[in-house]
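this one's sequence-less:
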């Protein structure tokens, strides 16, 4: 697939509203900063989540369980389950989905790698399905790696006030500090919706760490990530911060 064709297809998807960050929830809960790269033949199992600390929304959390298979160097598919835990309510499986990540190529002369993400998610509790899409960008400058996801989120509903397309982002910059350990800064946020450019719970930003290790030659590779993000803007009215975690196991079978 040529880069220009892939980029045009992704831009069209975004234009139709196929992209984004969890809209109704504070940005970051259960989400990830996706890489545009695909690992051919690799099976991955990932658990990630976030929990709000302090403020009126303290204790609210979200988690995602994902099973992914790299089909080739360009495409991976994954089954996804999302778990929600609101203050005063029982923890429950909130949605299931199917997602695809495709590596599209590199922008000539800029060194920016580009990928596309598309997910269909079916919310379980008498709610609509959702289309979610992302443009995945990554740039390596020396040892520093930066990732940016441009996101849009389209509920498939006719209910008044619930069908607006919502836009957001996820980003991180990391630097290796020792073998297999990277430190950096991570951010999640809502940008706007087609209903109002003033909507959205705001932004989170803060420090993060990622550690990769291999227990043995045959056990595959494990990646652990942790972050604490501080609220910015309107999000400060709801919480004092967000504690995030991610654990991933991958192996070639």
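Structure received. Since we're looking at a predicted model, the values are computed, not measured.

which residues sit in contact with the closest residue to residue 180 other than its chain neighbours?
Among residues not flanking residue 180 along the chain, residue 212 sits closest, at 4.5 Å (C-beta to C-beta, 6 or more residues apart in numbering). In short, each C-beta sits where N, CA and C put it, glycine included. Residue 212 sits next to 180, 221-224 when contact means C-beta atoms under 8 Å, 6 or more residues apart in numbering.

and which of those is nearest to residue 167?
residue 223 (28.4 Å; C-beta to C-beta).

might one say that the closest one is in contact with residue 247?
Yes. With contact defined as C-beta atoms under 8 Å, residue 223 counts as touching residue 247 (7.4 Å).

quick revisit: what bridges to the residue nearest to residue 180?
Beta-bridge partners of residue 212, counted by DSSP bridges, are residue 223.

please apply the same query to residue 203.
Counting by DSSP bridges, residue 203 is bridged to residue 189, residue 232.

do the same with residue 131
Here residue 131 sits in beta bridges with residue 120, residue 154, as judged by DSSP bridges.

can you tell me how far it sits from residue 117?
According to C-beta to C-beta, to the nearest Å, residue 131 and residue 117 sit 11 Å apart.

which helix or strand lies directly C-terminal to the worst-scoring helix or strand of the chain on mean pLDDT?
For the chain, counting by mean pLDDT, DSSP states H and E, helix 3-15 ranks last in confidence among helices and strands (a mean of 38). For helix 3-15, the succeeding helix or strand toward the C-terminus, using DSSP states H and E, is strand 42-53.

from residue 138, how far out is the residue positioned nearest the centre of the chain?
Centroid-nearest residue in the chain, with C-alpha atoms, centre = their mean: residue 32, separated by 3.0 Å. The gap separating residue 32 from residue 138 is 13 Å, by C-beta to C-beta.

most distant residue from the middle of the chain?
Distance from the centre of the chain peaks at residue 217, with 29.4 Å (C-alpha atoms, centre = their mean).

helix/strand/coil for that residue?
Following DSSP: H, G, I helix; E, B strand; the rest coil, residue 217 is assigned to coil.

which stretches of the stretch 151-253 of the chain have low pLDDT?
Counting by pLDDT under 70, the ranges of the stretch 151-253 of the chain that qualify are 160-162, 194-201.

the strands in it, which residues?
Listed in chain order, the strands of the stretch 151-253 of the chain (DSSP state E, counting those that start in this stretch) span 166-178, 181-193, 203-213, 221-232, 241-252.

adding distance to residue 64, write those out as CSV.
Output for these, formatted as CSV (distance: least, C-beta to C-beta, whole Å):
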stretch, distance to residue 64
strand 166-178, 13
strand 181-193, 14
strand 203-213, 16
strand 221-232, 13
strand 241-252, 9
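
quick one, which of the ones you listed gets closest to residue 67.
Residue 67 sits nearest to strand 241-252 of all these, at 10.6 Å, using C-beta to C-beta.
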